[in-house]
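[1] Sequence isn't available, so here's the structure alone:
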């Protein structure tokens, strides 16, 4: 009987070791697969955020064209106020994206070429200054539902807005001779050189 108990204990120990070892491997493989799935989801969200931010900034650039429908697809401007001055965006580069579920934060390096505001001499006119500047802006993006696209949620934390008001005939430029056509040509040249 002692031999049988010893034999049974040995067999039981061997079975437990074999089952325990076999059970650990699939669990680790499942954990690795879960981590890979999570990594793939994060990478897909990161790419989606970068793509939407690029679409938004392309439309806001001095060389971009935007209409209400295409802007609404990438920007949620609820309660958006006009911000002055506005800047002529020439180039941008998304530096970093942090995705947290249905929201994301992004740091973007921007190169602007001009600044525009109301003319201090005549509020019906605009004043613009050719002033290249490099800065880093921080955007928040969100999506109203897990299946919807991310949208830029208002202006960056720094409160900077991009755009152009009025044509050259309504704008007083510093230095003299500067113009929106010149700013657009500079932006085109910068973007071609960067690609």
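    It's in. All figures in this text were calculated on a predicted structure; none of them were measured in a lab.
[2] any chance you could map the strands in the protein?
    In the chain, the strands defined using DSSP state E lie at 75-76, 86-100, 103-118, 126-142, 151-153, 161-162, 171-174.
[3] Report the buried residues of the fourth one.
    Going back to what we said before, that points to strand 126-142. By 16 or more other CB atoms under 10 Å, the buried positions in strand 126-142 come out as 126, 127, 128, 130, 137, 139, 140, 141, 142. Backbone N, C-alpha and C define where each C-beta goes, glycine included.
[4] Give me the neighbour count for the nearest residue to residue 130 once chain neighbours are set aside.
    Residue nearest to residue 130 in three dimensions, not counting chain neighbours: residue 178, with 4.3 Å by CB to CB, 6 or more residues apart in numbering. By other CB atoms under 10 Å, the residues close to residue 178 number 19.
[5] my read: residue 178 touches residue 114, true?
    Yes: between residue 178 and residue 114 there is a contact under CB atoms under 8 Å: 7.4 Å.
[6] Can you work out which residues contact both of the two?
    In terms of CB atoms under 8 Å, 6 or more residues apart in numbering, residue 178 and residue 114 are both contacted by the residues 128, 129, 130.
[7] Out of those, which comes closest to residue 91?
    Closest approach between the shared contacts of residue 178 and residue 114 and residue 91, by CB to CB: residue 130, at 15.7 Å.
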